[in-house]
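J.: here's my sequence, what's the structure:
(2 chains)
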Amino acid sequence: MASHAAAASHGAVAGHDDGHAHHHHTTTGLDHRKIAIWAFIGSECMLFASLISTYLIYKGKSLVGPFPHTEYVDAAGKVFTPILDIPVTSASTFVLLMSSLAMVLALQAVQLKGQPLPAGAGWWTRAQRSSQLWLGMTALLGACFLGFQAYEFTSFVREGLTLKTNLFGSTFFTLTGFHGAHVTVGVLWLMSLLWIDRTRGLTPKDELVVDICALYWHFVDVVWIAIFTLIYLIQ
Amino acid sequence: MSHDHKPAEPSHEHSHPSGATYLKVAVILTLITVIEVWAYYIPALVSSPLFNPSLLIMSAAKFAIVVLFYMHLKYDHKLFKALFTGPLIVATGTIFALLFLFAKISL
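T.: Residues are numbered from 1 along each chain as shown, chains lettered A, B, ... in the order given. As a prediction, the model looks like this:
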(Lines give C-alpha, C1' and ligand atoms only; values in the text may rest on other atoms or scores of the structure.)
Protein backbone atom coordinates (compact mmCIF):
# COMPACT_ATOMS: atom_id res chain seq x y z
CA MET A 1 0.00 0.00 0.00
CA ALA A 2 2.75 2.35 1.01
CA SER A 3 4.63 1.68 -2.22
CA HIS A 4 1.49 2.43 -4.21
CA ALA A 5 1.10 5.64 -2.28
CA ALA A 6 4.74 6.50 -2.89
CA ALA A 7 4.44 5.72 -6.58
CA ALA A 8 1.36 7.85 -6.83
CA SER A 9 3.13 10.59 -4.97
CA HIS A 10 6.13 10.39 -7.31
CA GLY A 11 3.87 10.42 -10.29
CA ALA A 12 2.10 13.45 -8.97
CA VAL A 13 5.38 15.20 -8.43
CA ALA A 14 6.99 14.11 -11.66
CA GLY A 15 3.88 14.97 -13.52
CA HIS A 16 3.22 18.36 -11.99
CA ASP A 17 1.13 20.43 -14.25
CA ASP A 18 3.69 22.87 -15.57
CA GLY A 19 3.74 21.83 -19.16
CA HIS A 20 6.63 19.44 -18.69
CA ALA A 21 6.55 16.28 -20.66
CA HIS A 22 5.73 12.67 -19.91
CA HIS A 23 4.64 11.62 -16.46
CA HIS A 24 7.05 8.98 -15.26
CA HIS A 25 6.67 6.95 -12.10
CA THR A 26 10.28 6.41 -11.07
CA THR A 27 11.92 5.80 -7.72
CA THR A 28 13.64 9.18 -7.89
CA GLY A 29 10.71 11.03 -9.37
CA LEU A 30 13.05 12.10 -12.15
CA ASP A 31 12.86 11.06 -15.76
CA HIS A 32 15.37 8.31 -16.48
CA ARG A 33 16.28 9.83 -19.84
CA LYS A 34 17.45 13.02 -18.17
CA ILE A 35 19.42 11.07 -15.58
CA ALA A 36 20.95 9.07 -18.45
CA ILE A 37 22.05 12.16 -20.39
CA TRP A 38 23.68 13.67 -17.29
CA ALA A 39 25.46 10.36 -16.59
CA PHE A 40 26.56 10.27 -20.23
CA ILE A 41 27.84 13.86 -19.99
CA GLY A 42 29.72 12.89 -16.83
CA SER A 43 31.40 10.02 -18.70
CA GLU A 44 32.22 12.37 -21.57
CA CYS A 45 34.05 14.61 -19.08
CA MET A 46 36.37 11.64 -18.46
CA LEU A 47 36.90 11.08 -22.20
CA PHE A 48 37.83 14.68 -22.90
CA ALA A 49 39.95 14.87 -19.75
CA SER A 50 42.05 11.96 -21.07
CA LEU A 51 42.45 13.63 -24.48
CA ILE A 52 43.30 17.02 -22.94
CA SER A 53 45.79 15.36 -20.55
CA THR A 54 47.50 13.63 -23.46
CA TYR A 55 47.78 16.91 -25.35
CA LEU A 56 49.20 18.75 -22.33
CA ILE A 57 51.66 15.97 -21.45
CA TYR A 58 53.12 15.95 -24.96
CA LYS A 59 53.01 19.72 -25.33
CA GLY A 60 56.44 21.06 -26.31
CA LYS A 61 57.87 17.58 -26.93
CA SER A 62 57.63 17.59 -30.73
CA LEU A 63 61.02 17.13 -32.38
CA VAL A 64 60.04 18.65 -35.72
CA GLY A 65 57.66 21.45 -36.70
CA PRO A 66 55.30 23.00 -37.47
CA PHE A 67 54.72 24.15 -33.90
CA PRO A 68 51.58 25.79 -32.52
CA HIS A 69 52.98 29.07 -31.20
CA THR A 70 56.60 29.29 -32.35
CA GLU A 71 58.45 29.41 -35.65
CA TYR A 72 60.36 26.37 -36.92
CA VAL A 73 63.12 26.09 -39.53
CA ASP A 74 63.79 22.58 -40.89
CA ALA A 75 67.12 21.13 -42.06
CA ALA A 76 66.50 22.35 -45.61
CA GLY A 77 66.01 25.91 -44.35
CA LYS A 78 62.26 25.94 -44.87
CA VAL A 79 60.55 28.26 -42.42
CA PHE A 80 57.31 27.18 -40.74
CA THR A 81 55.38 30.01 -39.10
CA PRO A 82 53.33 29.35 -35.91
CA ILE A 83 50.49 27.24 -37.18
CA LEU A 84 47.54 28.20 -34.98
CA ASP A 85 45.30 30.84 -36.51
CA ILE A 86 43.86 32.63 -33.47
CA PRO A 87 41.55 35.09 -35.33
CA VAL A 88 39.85 32.25 -37.23
CA THR A 89 39.50 30.11 -34.11
CA SER A 90 38.20 33.08 -32.11
CA ALA A 91 35.50 33.54 -34.74
CA SER A 92 34.55 29.86 -34.58
CA THR A 93 34.48 30.05 -30.78
CA PHE A 94 32.08 32.99 -30.99
CA VAL A 95 29.91 31.03 -33.44
CA LEU A 96 29.71 28.07 -31.05
CA LEU A 97 28.87 30.34 -28.08
CA MET A 98 26.06 31.92 -30.10
CA SER A 99 24.79 28.47 -31.05
CA SER A 100 24.35 27.78 -27.33
CA LEU A 101 22.27 30.95 -27.05
CA ALA A 102 20.13 29.80 -30.00
CA MET A 103 19.73 26.39 -28.34
CA VAL A 104 18.35 27.78 -25.06
CA LEU A 105 16.00 29.99 -27.06
CA ALA A 106 14.83 26.91 -29.00
CA LEU A 107 14.07 25.11 -25.74
CA GLN A 108 12.24 28.16 -24.41
CA ALA A 109 10.22 28.39 -27.64
CA VAL A 110 9.11 24.77 -27.24
CA GLN A 111 8.17 25.39 -23.60
CA LEU A 112 6.08 28.44 -24.54
CA LYS A 113 4.27 26.83 -27.48
CA GLY A 114 0.53 27.16 -27.28
CA GLN A 115 0.64 30.09 -24.87
CA PRO A 116 -1.01 33.23 -26.22
CA LEU A 117 1.26 36.09 -27.24
CA PRO A 118 0.99 39.18 -25.04
CA ALA A 119 -0.92 42.08 -26.53
CA GLY A 120 1.30 44.29 -28.70
CA ALA A 121 4.05 41.69 -28.87
CA GLY A 122 6.99 42.93 -30.91
CA TRP A 123 9.09 41.04 -33.45
CA TRP A 124 11.49 39.79 -30.79
CA THR A 125 8.71 38.29 -28.68
CA ARG A 126 7.28 36.66 -31.81
CA ALA A 127 10.71 35.38 -32.85
CA GLN A 128 11.24 33.90 -29.41
CA ARG A 129 8.21 31.67 -29.95
CA SER A 130 9.59 30.08 -33.14
CA SER A 131 11.25 26.80 -32.21
CA GLN A 132 11.98 26.09 -35.87
CA LEU A 133 13.89 29.36 -36.19
CA TRP A 134 16.12 28.66 -33.18
CA LEU A 135 16.62 24.96 -33.88
CA GLY A 136 17.56 25.83 -37.46
CA MET A 137 19.83 28.63 -36.25
CA THR A 138 21.59 26.29 -33.80
CA ALA A 139 22.15 23.65 -36.48
CA LEU A 140 23.38 26.30 -38.92
CA LEU A 141 25.84 27.77 -36.40
CA GLY A 142 27.03 24.25 -35.55
CA ALA A 143 27.57 23.54 -39.25
CA CYS A 144 29.39 26.88 -39.53
CA PHE A 145 31.71 25.81 -36.68
CA LEU A 146 32.41 22.57 -38.55
CA GLY A 147 33.19 24.62 -41.65
CA PHE A 148 35.75 26.62 -39.65
CA GLN A 149 37.25 23.36 -38.40
CA ALA A 150 37.41 21.87 -41.91
CA TYR A 151 39.16 25.06 -43.11
CA GLU A 152 41.61 24.89 -40.20
CA PHE A 153 42.40 21.20 -40.72
CA THR A 154 42.95 21.55 -44.46
CA SER A 155 45.14 24.64 -44.04
CA PHE A 156 47.23 22.77 -41.44
CA VAL A 157 47.70 19.84 -43.80
CA ARG A 158 48.69 22.24 -46.60
CA GLU A 159 51.25 23.80 -44.25
CA GLY A 160 52.72 20.38 -43.50
CA LEU A 161 51.04 19.36 -40.25
CA THR A 162 49.29 16.00 -40.30
CA LEU A 163 48.37 13.39 -37.72
CA LYS A 164 51.78 11.76 -38.27
CA THR A 165 54.04 14.82 -38.48
CA ASN A 166 54.83 15.21 -34.79
CA LEU A 167 53.38 14.81 -31.29
CA PHE A 168 51.59 18.15 -31.57
CA GLY A 169 49.85 17.03 -34.78
CA SER A 170 48.84 13.66 -33.30
CA THR A 171 47.39 15.05 -30.08
CA PHE A 172 45.89 18.18 -31.66
CA PHE A 173 44.03 16.37 -34.45
CA THR A 174 42.86 13.62 -32.08
CA LEU A 175 41.46 16.06 -29.50
CA THR A 176 39.88 18.56 -31.86
CA GLY A 177 38.77 15.76 -34.21
CA PHE A 178 36.89 14.04 -31.39
CA HIS A 179 35.29 17.34 -30.50
CA GLY A 180 34.36 17.94 -34.14
CA ALA A 181 32.78 14.46 -34.28
CA HIS A 182 30.66 15.39 -31.26
CA VAL A 183 29.58 18.63 -32.95
CA THR A 184 28.66 16.64 -36.07
CA VAL A 185 26.46 14.30 -34.00
CA GLY A 186 24.88 17.36 -32.38
CA VAL A 187 24.11 18.97 -35.76
CA LEU A 188 22.48 15.72 -36.99
CA TRP A 189 20.47 15.52 -33.76
CA LEU A 190 19.33 19.15 -34.17
CA MET A 191 18.36 18.55 -37.77
CA SER A 192 16.27 15.55 -36.78
CA LEU A 193 14.49 17.70 -34.16
CA LEU A 194 13.94 20.39 -36.76
CA TRP A 195 12.48 17.78 -39.12
CA ILE A 196 10.11 16.56 -36.38
CA ASP A 197 9.14 20.17 -35.64
CA ARG A 198 8.38 20.82 -39.31
CA THR A 199 6.40 17.60 -39.83
CA ARG A 200 4.29 17.17 -36.70
CA GLY A 201 5.33 20.17 -34.61
CA LEU A 202 7.08 20.10 -31.25
CA THR A 203 4.87 20.88 -28.26
CA PRO A 204 5.56 21.52 -24.56
CA LYS A 205 5.13 17.75 -24.11
CA ASP A 206 8.34 17.34 -26.13
CA GLU A 207 10.27 19.65 -23.84
CA LEU A 208 12.38 16.86 -22.38
CA VAL A 209 13.38 15.60 -25.83
CA VAL A 210 14.65 19.07 -26.74
CA ASP A 211 16.19 19.57 -23.29
CA ILE A 212 18.28 16.40 -23.64
CA CYS A 213 19.59 17.54 -27.02
CA ALA A 214 20.26 20.99 -25.54
CA LEU A 215 22.28 19.51 -22.66
CA TYR A 216 24.42 17.59 -25.13
CA TRP A 217 24.91 20.69 -27.26
CA HIS A 218 25.90 22.90 -24.32
CA PHE A 219 28.34 20.22 -23.17
CA VAL A 220 30.00 20.30 -26.58
CA ASP A 221 30.22 24.08 -26.12
CA VAL A 222 31.84 23.91 -22.67
CA VAL A 223 34.38 21.37 -23.92
CA TRP A 224 35.35 23.85 -26.64
CA ILE A 225 35.66 26.62 -24.04
CA ALA A 226 38.31 24.49 -22.31
CA ILE A 227 40.03 23.49 -25.58
CA PHE A 228 40.18 27.09 -26.84
CA THR A 229 42.01 28.26 -23.74
CA LEU A 230 44.26 25.25 -23.17
CA ILE A 231 45.34 24.67 -26.76
CA TYR A 232 44.99 27.93 -28.58
CA LEU A 233 45.60 30.69 -26.04
CA ILE A 234 48.01 29.27 -23.47
CA GLN A 235 51.46 29.24 -25.04
CA MET B 1 8.14 -5.22 2.74
CA SER B 2 7.45 -1.89 1.37
CA HIS B 3 9.39 1.28 1.90
CA ASP B 4 7.95 4.66 2.41
CA HIS B 5 9.60 7.24 0.20
CA LYS B 6 9.49 10.92 0.59
CA PRO B 7 8.08 12.45 -2.53
CA ALA B 8 11.02 13.17 -4.78
CA GLU B 9 11.71 16.66 -5.91
CA PRO B 10 10.71 17.44 -9.46
CA SER B 11 13.44 17.76 -12.05
CA HIS B 12 12.46 21.38 -12.65
CA GLU B 13 12.49 22.96 -9.23
CA HIS B 14 12.30 26.52 -10.51
CA SER B 15 11.30 28.14 -13.71
CA HIS B 16 14.12 28.62 -16.18
CA PRO B 17 15.65 32.05 -16.76
CA SER B 18 13.99 34.47 -19.16
CA GLY B 19 15.13 35.24 -22.70
CA ALA B 20 16.66 38.49 -21.44
CA THR B 21 18.81 36.53 -18.97
CA TYR B 22 20.00 34.25 -21.78
CA LEU B 23 20.97 37.31 -23.84
CA LYS B 24 22.86 38.83 -20.90
CA VAL B 25 24.71 35.53 -20.42
CA ALA B 26 25.65 35.51 -24.14
CA VAL B 27 26.99 39.09 -23.86
CA ILE B 28 29.06 38.15 -20.78
CA LEU B 29 30.47 35.06 -22.54
CA THR B 30 31.36 37.15 -25.59
CA LEU B 31 33.04 39.83 -23.47
CA ILE B 32 35.16 37.28 -21.61
CA THR B 33 36.20 35.71 -24.94
CA VAL B 34 37.14 39.15 -26.33
CA ILE B 35 39.26 39.84 -23.22
CA GLU B 36 40.98 36.45 -23.56
CA VAL B 37 41.86 37.02 -27.22
CA TRP B 38 42.88 40.64 -26.59
CA ALA B 39 45.25 39.50 -23.83
CA TYR B 40 46.80 36.96 -26.22
CA TYR B 41 48.01 39.79 -28.47
CA ILE B 42 49.63 41.88 -25.71
CA PRO B 43 53.26 40.62 -25.38
CA ALA B 44 53.67 42.20 -21.93
CA LEU B 45 50.69 40.26 -20.66
CA VAL B 46 51.73 37.00 -22.32
CA SER B 47 55.14 37.15 -20.64
CA SER B 48 53.58 37.86 -17.27
CA PRO B 49 53.37 34.93 -14.81
CA LEU B 50 49.72 35.84 -14.27
CA PHE B 51 48.80 35.29 -17.94
CA ASN B 52 48.09 31.55 -17.80
CA PRO B 53 46.24 31.63 -14.45
CA SER B 54 44.13 34.55 -15.70
CA LEU B 55 43.18 32.65 -18.84
CA LEU B 56 42.32 29.56 -16.82
CA ILE B 57 40.13 31.60 -14.47
CA MET B 58 38.30 33.26 -17.35
CA SER B 59 37.83 29.91 -19.07
CA ALA B 60 36.51 28.37 -15.83
CA ALA B 61 34.11 31.30 -15.45
CA LYS B 62 32.75 30.76 -18.97
CA PHE B 63 32.46 27.03 -18.33
CA ALA B 64 30.54 27.64 -15.09
CA ILE B 65 28.23 30.24 -16.64
CA VAL B 66 27.21 27.92 -19.48
CA VAL B 67 26.69 24.98 -17.12
CA LEU B 68 24.72 26.97 -14.54
CA PHE B 69 22.52 29.05 -16.87
CA TYR B 70 22.33 27.37 -20.27
CA MET B 71 22.38 23.80 -18.91
CA HIS B 72 20.10 24.98 -16.07
CA LEU B 73 22.17 23.16 -13.47
CA LYS B 74 21.66 26.09 -11.11
CA TYR B 75 17.93 25.41 -11.16
CA ASP B 76 17.95 21.64 -11.53
CA HIS B 77 17.74 18.67 -9.19
CA LYS B 78 20.72 17.90 -6.95
CA LEU B 79 21.09 14.43 -8.48
CA PHE B 80 21.88 16.04 -11.84
CA LYS B 81 24.38 18.34 -10.13
CA ALA B 82 26.04 15.30 -8.55
CA LEU B 83 26.07 13.36 -11.83
CA PHE B 84 27.95 16.21 -13.50
CA THR B 85 30.18 17.65 -10.77
CA GLY B 86 31.33 14.23 -9.50
CA PRO B 87 32.89 13.09 -12.81
CA LEU B 88 34.07 16.64 -13.51
CA ILE B 89 36.04 16.70 -10.24
CA VAL B 90 37.50 13.25 -11.00
CA ALA B 91 38.36 14.33 -14.56
CA THR B 92 40.04 17.56 -13.39
CA GLY B 93 41.90 15.66 -10.69
CA THR B 94 43.07 13.14 -13.28
CA ILE B 95 44.43 15.90 -15.51
CA PHE B 96 46.38 17.45 -12.63
CA ALA B 97 47.62 14.03 -11.41
CA LEU B 98 48.90 13.12 -14.89
CA LEU B 99 50.55 16.53 -15.36
CA PHE B 100 52.24 16.07 -11.99
CA LEU B 101 53.35 12.50 -12.81
CA PHE B 102 54.83 13.61 -16.13
CA ALA B 103 56.55 16.56 -14.44
CA LYS B 104 54.60 19.18 -16.37
CA ILE B 105 53.70 20.83 -13.06
CA SER B 106 55.41 20.64 -9.69
CA LEU B 107 54.50 21.40 -6.12
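J.: now tell me what touches the helix or strand of chain B with the lowest mean pLDDT from outside.
T.: Within chain B, no helix or strand scores below helix B:43-46, which has a mean of 89 by mean pLDDT, DSSP states H and E. Identification of contacts with helix B:43-46 by Cβ atoms under 8 Å, 6 or more residues apart in numbering or on different chains yields A:235, B:39-40, B:51. For glycine as for every other residue, the C-beta is placed from the backbone atoms N, C-alpha and C.
J.: tell me the buried residues in it?
T.: For helix B:43-46, burial by neighbour count (16 or more other Cβ atoms under 10 Å in any protein chain shown) applies to residue B:46.
J.: and stretch A:53-71, by the same measure?
T.: Across stretch A:53-71, burial judged by 16+ other Cβ under 10 Å covers A:53-59, A:62, A:65-68.
J.: what is the longest helix seen in chain A packed up against?
T.: The residue-count maximum for a helix in chain A (DSSP state H) belongs to helix A:167-199. Applying 3 or more Cβ pairs under 8 Å, 6 or more residues apart in numbering or on different chains; DSSP states H and E, one finds that helix A:167-199 makes contact with helix A:32-58, helix A:131-158, helix A:207-227.
J.: okay, those, which one's buried deepest?
T.: helix A:207-227 (a mean of 23; mean count of other Cβ atoms under 10 Å in any protein chain shown).
J.: packing partners for that one?
T.: helix A:32-58, helix A:86-112, helix A:131-158, helix A:167-199, helix B:51-65.
J.: so where's chain A uncertain?
T.: Applying pLDDT under 70 to chain A flags the ranges A:1-24.
J.: can you name the residue of it nearest chain B?
T.: Closest contact between chain A and chain B, by Cβ to the nearest Cβ, is at residue A:29 (2.6 Å).
J.: how close does that residue sit to residue B:79?
T.: 10 Å (Cβ to Cβ, to the nearest Å).
J.: for these two, indicate the residue with more neighbours.
T.: Taking other Cβ atoms under 10 Å in any protein chain shown, residue A:29 and residue B:79 do not tie; residue A:29 has more neighbours (26 against 18).
J.: which phi and psi does the more buried one have?
T.: Backbone torsions for residue A:29, taken as degrees, to the nearest 10, come to phi 80, psi 0.
J.: and residue B:97, how many neighbours does it have?
T.: Residue B:97 has 11 nearby residues by other Cβ under 10 Å.
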